[in-house]
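J.: whatever this is, show me its structure:
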Amino acid sequence: MADEVATRYLGGSQPRAVAWRGFLSMAGAWSIQGFGMFSVIEKASGQWVGRLGPWLPEGWPGPEVGWGIARSAWGKGYATEGAIAAMDFAFERLGWTEAIHSIDADNTASQGVARRLGSTLRGPGKLPAPFEDEPVEIWGQTRQQWRARRG
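T.: From the prediction side, this is the model:
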């Protein structure tokens, strides 16, 4: 969370103490909501390279499958591979009827992941404070669309 480039579309870089509060909040989501993002561990190195998966913070525009991958792991397909598993989990295990992805209009890499998942641009969205002034596009699909695409 300290890398300004990797966190550009995730609210910006954070000091260590703030990042730890975020990590602990994600762990707490598992306890309170029964789901949260998964850690992405690179098999070859054993290194933590990001997080992705289902989450639904208070005031969010919908149930989201999101991703955030460390810059050192960009371009290796981890976001797409992990998001596919997370979409399966959200639809089949959690029973979600839709999943969205809140993506900055300039974040072409995440737009590409959304497209590879079969999600489409639904239009502009609004995030809760403190992100209410940040422009965001909502991408997404329904469980029926996901199932039809997955066969």
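J.: please compute how far stretch 58-78 lies from its chain's middle.
T.: Stretch 58-78 sits 3 Å away from the centroid of its parent chain (Cα atoms, centre = their mean, to the nearest Å).
J.: which of the residues in that stretch are buried?
T.: Buried residues in stretch 58-78, defined by neighbour count with 16 or more other Cβ atoms under 10 Å: 60, 61, 63, 64, 65, 66, 67, 68, 69, 70, 73, 78. For every residue, glycine as well, the C-beta is placed using N, CA and C.
J.: look up how far residue 106 lies from the second one.
T.: Translated: residue 61. Separation of residue 61 from residue 106 (Cβ to Cβ, to the nearest Å): 19 Å.
J.: picking that back up, list the ones among the buried residues of stretch 58-78 that fall in helices.
T.: Under the assignment DSSP state H, these contribute residue 78 to helices.
J.: same list, the buried residues of stretch 58-78, but as JSON lines with distance to residue 38 and pLDDT please.
T.: Compiled in JSON lines, those are given as follows (distance: Cβ to Cβ, whole Å; pLDDT from 0 to 100):
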{"residue": "60", "distance to residue 38": "18", "pLDDT": "94"}
{"residue": "61", "distance to residue 38": "22", "pLDDT": "96"}
{"residue": "63", "distance to residue 38": "15", "pLDDT": "98"}
{"residue": "64", "distance to residue 38": "14", "pLDDT": "97"}
{"residue": "65", "distance to residue 38": "10", "pLDDT": "98"}
{"residue": "66", "distance to residue 38": "11", "pLDDT": "96"}
{"residue": "67", "distance to residue 38": "10", "pLDDT": "96"}
{"residue": "68", "distance to residue 38": "11", "pLDDT": "91"}
{"residue": "69", "distance to residue 38": "12", "pLDDT": "93"}
{"residue": "70", "distance to residue 38": "14", "pLDDT": "90"}
{"residue": "73", "distance to residue 38": "14", "pLDDT": "93"}
{"residue": "78", "distance to residue 38": "11", "pLDDT": "96"}
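J.: out of the buried residues of stretch 58-78, what pair is the most spread apart?
T.: Greatest spatial distance among the buried residues of stretch 58-78 (Cβ to Cβ): 61 and 73, at 27.3 Å.
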